[in-house]
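A.B. asks: 3D, please:
(chains A and B)
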Amino acid sequence: MRSDREASAPFGLKVAAACGLLFLHVPILLIFVYAFTTEDKTYQWPPPGFTTQWLGVTWNRTDVWEALTVSVKIAAIATLIAIVLGTLCAAAVSRSRFFGREAISLLIILPIALPGIITGISLRSAFSLMDIPFSTWTIVLGHATFCVVVVYNNAVARFRRTSGSLIEASYDLGADGFQTFRYVILPNIGTALLAGGMLAFALSFDEVIVTTFTSGQQQTLPIWMLEELVRPRQRPVTNVVAMVVVLVTLIPIIAAYYLTREGDQVSGAGK
Amino acid sequence: MIAVSFENVSRHFGSVKAVDSVDLEVQPGEFFAMLGPSGSGKTTCLRLIAGFEQPTAGAISIFGERAEGVPPYRRNVNTVFQDYALFPHMNVLDNVAYGLKVKGISKTERIRIAEDALALVRLPGYGTRKPGQLSGGQRQRVALARALVNRPKVLLLDEPLGALDLKLRENMQEELKALQKSLGITFIFVTHDQGEALSMADRVAVFNDGRIMQVGTPQDIYARPVSRFVADFVGSSNVVPPDFVKRHCQRDGWGSLRPEAIRVSTQTNSAGIRARVVSVSYIGAATRLGLDAEGLRLHATVPAGLTVPEQGADVVLTFGADALHVMEADA
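C.D. replies: You can find the predicted model right below:
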């Protein structure tokens, strides 16, 4: 039953909801506040004064730029791998029936259910056994294991909602496999891939555990932040970086929300 | 030249014989119906012609060319799908023009052809709408226009009217028939509705358990069914056992007796088969009687205007000698 849109929620419920939202979001605001504090050794409350000097300081710190570049690069490549592999897996699992289909589906999803520390240790020992030197690429591989899962999950759900007869209709009208993919499959799963890809990017971007186990000398942004926290030097720089990351990631999240909203109705249901 | 021919075609899915040694010849320009209950293999036959399925055994030819191994996109055959399968992300015009687009026909040319096709199915000016904004009947017309735009040699229709309401279905039956006559394209359509098959098709193939039971004109199939299954499935005929046939027309084999061929008289002293009325149901143009005669359950229809006996009444049944059709084959 649908509740009446006009009816107002009880006052107590409103207060509880407000408290819940505040609990979730006030800490993020605190990070913003500390990005402008004049005090750089301890997080003192209330801040003794406000300054914008940390923005400039952060801009000139090369280690921030290096860590950011490494993180963006890893997240981008891992996401790309995940989109290709995740889509192919989803297409195979949702479009055909074969022996061991459920097992394969489970194996693909497993990396996100496994604790990161297990994935990390197993990858580290595997890389050592095979004499693969730790580099940006080993981090990419580590991240790809769980990035594939989110793309796969998004794509598989969309494939299931897309009527199989659309693909047959395309073949029937004279389109070969490539044209069918380009004109029919991609437009129907595109928003799901975009949403999955963004989630994968975000997961990779703030991953710490697997990264710790699979990296050599490379420092990703989250690892750089961890190290900054134990060193009491120019502390607000960490907050400036955190603030910028929050603001920059908001844009694609909002974009993804609007893009996938349209795809909510079942694609290709005839009636 | 034969439009579509099946020679001993089988399609097995594991141990399931979806299509089992089917022989079939469809003439060019023919409106051909494949009629049968669900799971009888008629849709698999259609998919074999479209190229979505490959035969396990046998040979399929489309206008003299062997079709096995030819992918759907290289066959000059188009399909109107049961769920219409319109591309939800394209507007109506792009849907209709899709077949031309993938063939590399220029944009202005394909828009012109697609608009003509929309006019043909009486949907001019609907090009900019999305399939989601159309009614069931309109989607059906768009699917038809989209399939016809490639000028196929054979048009396949999978339960094309199944999702429409009765009134719309009757209109579309007439329209489809007229369209087929004016275009001269071979239409093959699959249906489980015997009324639809009889009223639209030039010839009907009756399917059961992956096999063709009978092929013939609607008149043939209706008046002279070859087996109990056909008699039972096409129309609601009374299938009567050999001893009944022996008693009333001195011939051997199972018989088929059409409900409308039975005359019901309330004069119990007249000659004929004595029966009792078990049920009376009013179906508009006639009244349908359930009768208990000589231990058999028979149905008879009494046209509107005649006196209808009451439930439980004793009646006498008569029918003309030619009304009882004796079936040679038995299944």
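
A.B. asks: switch to C-alpha atoms for all contacts and neighbour counts from now on
C.D. replies: Noted.

A.B. asks: show me the contacts for the residue of chain A found nearest chain B.
C.D. replies: Scanning chain A for the residue nearest chain B gives A:G174, at 3.9 Å (criterion: Cα to the nearest Cα). Applying Cα atoms under 8 Å, 6 or more residues apart in numbering or on different chains, we find A:G174 in contact with B:P72, B:Y73, B:R74, B:R75, B:G99, B:V102, B:K103.

A.B. asks: of the residues you listed, which is the most crowded?
C.D. replies: Counting neighbours by other Cα atoms under 10 Å in any protein chain shown, the top entry in the contacts of A:G174 is B:G99, with 28 neighbours.

A.B. asks: so who does the nearest residue to A:C89 once chain neighbours are set aside touch?
C.D. replies: Excluding its sequence neighbours, the residue lying closest to A:C89 (Cα to Cα, 6 or more residues apart in numbering or on different chains) is A:Y152, at 6.8 Å. Contacts for A:Y152 were tallied using Cα under 8 Å, 6+ apart; they are A:I83, A:G86, A:T87, A:C89, A:A90, A:G196.

A.B. asks: hang on, the residue of chain A closest to chain B in a helix?
C.D. replies: No: assignment of A:G174 by DSSP: H, G, I helix; E, B strand; the rest coil gives coil, placing it outside any helix.

A.B. asks: distance of it relative to B:P160?
C.D. replies: From A:G174 across to B:P160, the span is 21 Å (Cα to Cα, to the nearest Å).

A.B. asks: just B:M90 next, same as before
C.D. replies: For B:M90, the distance to B:P160 equals 21 Å [Cα to Cα].

A.B. asks: who's more crowded, these two?
C.D. replies: Ranked by neighbour count (other Cα under 10 Å), B:M90 and B:P160 place B:P160 first, with 25 against 18.

A.B. asks: dig out what the closest residue to B:V26 other than its chain neighbours forms beta bridges with.
C.D. replies: Leaving out its chain neighbours, the residue that sits closest to B:V26 by Cα to Cα, 6+ apart is B:V4, at 5.1 Å. For B:V4, the beta-bridge partners are B:V26, B:I62 (DSSP bridges).

A.B. asks: hey, which helix is longest across chain A?
C.D. replies: Longest helix in chain A, counting residues (DSSP state H): helix A:62-95.

A.B. asks: low-confidence ranges in chain A?
C.D. replies: For chain A, applying pLDDT under 70 flags the ranges A:1-6, A:232, A:259-271.

A.B. asks: check contacts around the closest residue to B:R211 other than its chain neighbours.
C.D. replies: Excluding the flanking residues, the one nearest B:R211 by Cα to Cα, 6+ apart is B:D20, at 5.6 Å. Neighbouring residues of B:D20 by Cα under 8 Å, 6+ apart: B:N8, B:V9, B:S10, B:R11, B:H12, B:G210, B:R211.

A.B. asks: counting contacts, what elements does the one helix or strand the third one maps to pack onto?
C.D. replies: B:S10 is part of strand B:4-13, with elements assigned from DSSP states H and E. Contact analysis of strand B:4-13 by 3 or more Cα pairs under 8 Å, 6 or more residues apart in numbering or on different chains; DSSP states H and E lists strand B:16-26, strand B:57-62 as its packing neighbours.

A.B. asks: which bits of chain B sit near chain A?
C.D. replies: Counting by Cα under 8 Å from any Cα of the partner chain, chain B comes close to chain A at B:50, B:52, B:72-75, B:77-79, B:81, B:83-89, B:98-99, B:102-103, B:136, B:147, B:150, B:163.

A.B. asks: which PyMOL command selects the buried ones in those?
C.D. replies: Selecting only the buried entries of the residues of chain B next to chain A in PyMOL, with 16 or more other Cα atoms under 10 Å in any protein chain shown as the criterion:
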select buried, chain B and resi 50+52+72+73+74+75+77+78+79+81+83+84+85+86+87+88+89+98+99+102+136+147+150+163
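
A.B. asks: quick check: phi and psi on B:V121?
C.D. replies: In terms of degrees, to the nearest 10, the main-chain angles of B:V121 are phi -90, psi 20.

A.B. asks: check B:G14 too.
C.D. replies: Per-residue torsions, B:G14: phi 60, psi -120 (degrees, to the nearest 10).

A.B. asks: mind listing what it touches?
C.D. replies: The contact partners of B:G14, by Cα under 8 Å, 6+ apart, come to none.

A.B. asks: which strands or helices does the longest helix of chain A pack on?
C.D. replies: Using 3+ Cα pairs under 8 Å, 6+ apart, helix A:62-95 sits against helix A:136-161, helix A:186-205, helix A:221-230.

A.B. asks: centre of the chain to that helix, how far?
C.D. replies: When C-alpha coordinates are averaged (Cα atoms, centre = their mean, to the nearest Å), helix A:62-95 and its chain have centres 9 Å apart.

A.B. asks: cool, stretch A:225-233 as well?
C.D. replies: Relative to its chain's centre, stretch A:225-233 lies at 24 Å (Cα atoms, centre = their mean).

A.B. asks: now do the contacts for the one residue in the stretch 101-250 of chain B that gets nearest to chain A.
C.D. replies: Relative to chain A, the nearest point of the stretch 101-250 of chain B is B:V102 (5.5 Å; Cα to the nearest Cα). By Cα under 8 Å, 6+ apart, the contact set of B:V102 is A:G174, A:A175, A:Q179.

A.B. asks: how about A:R160?
C.D. replies: Contacts for A:R160 (Cα under 8 Å, 6+ apart) come out as A:S94.

A.B. asks: picking that back up, need the buried ones from the contacts of B:D20 selected in ChimeraX.
C.D. replies: Buried residues within the contacts of B:D20, by 16+ other Cα under 10 Å, are selected in ChimeraX with:
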select /B:8,9,10,11,210,211
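
A.B. asks: for the contacts of B:D20, which one is nearest chain A?
C.D. replies: Chain A lies nearest to B:H12 out of the contacts of B:D20, by Cα to the nearest Cα, at 16.1 Å.

A.B. asks: beta partners for the closest one?
C.D. replies: When bridges are called by DSSP bridges, B:H12 pairs up with B:K17.

A.B. asks: rewinding a little: turn the contacts of A:G174 into CSV, columns for pLDDT and secondary structure.
C.D. replies: Compiled in CSV, the contacts of A:G174 are given as follows (pLDDT from 0 to 100; DSSP: H, G, I helix; E, B strand; the rest coil):
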residue, pLDDT, secondary structure
B:P72, 92, helix
B:Y73, 92, helix
B:R74, 92, helix
B:R75, 92, coil
B:G99, 94, helix
B:V102, 93, coil
B:K103, 91, coil
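
A.B. asks: which of the residues you listed lies closest to chain A?
C.D. replies: Closest to chain A out of the contacts of A:G174 is B:Y73 (3.9 Å), distances taken as Cα to the nearest Cα.

A.B. asks: quick one: the closest residue to the closest one other than its chain neighbours and B:R276, what's the gap?
C.D. replies: In space, and not counting its chain neighbours, B:Y73 is closest to A:G174: 3.9 Å by Cα to Cα, 6+ apart. Relative to B:R276, A:G174 is positioned 61 Å away (Cα to Cα).

A.B. asks: please apply the same query to B:G64.
C.D. replies: Per Cα to Cα, B:G64 is found 57 Å from B:R276.

A.B. asks: comparing those two, which residue is more hemmed in?
C.D. replies: Legend: neighbour count by other Cα under 10 Å for B:G64 and B:R276, higher for B:R276 (21 against 12).

A.B. asks: and the residue nearest the centre of chain B?
C.D. replies: Nearest to the mean C-alpha position of chain B, counting by Cα atoms, centre = their mean, stands B:A197 at 3.1 Å.

A.B. asks: mind checking the SS state of it?
C.D. replies: helix.

A.B. asks: which residues in the stretch 101-250 of chain B form strands?
C.D. replies: Counting by DSSP state E, counting those that start in this stretch, the stretch 101-250 of chain B has strands at residues B:154-158, B:186-191, B:203-208, B:211-216, B:238-240.

A.B. asks: okay, now the unreliable bits of chain B?
C.D. replies: Applying pLDDT under 70 to chain B picks out residues B:328-331.

A.B. asks: could you list the domains of it?
C.D. replies: Annotated domains of chain B cover B:4-232, B:237-326 [automatic domain parsing].
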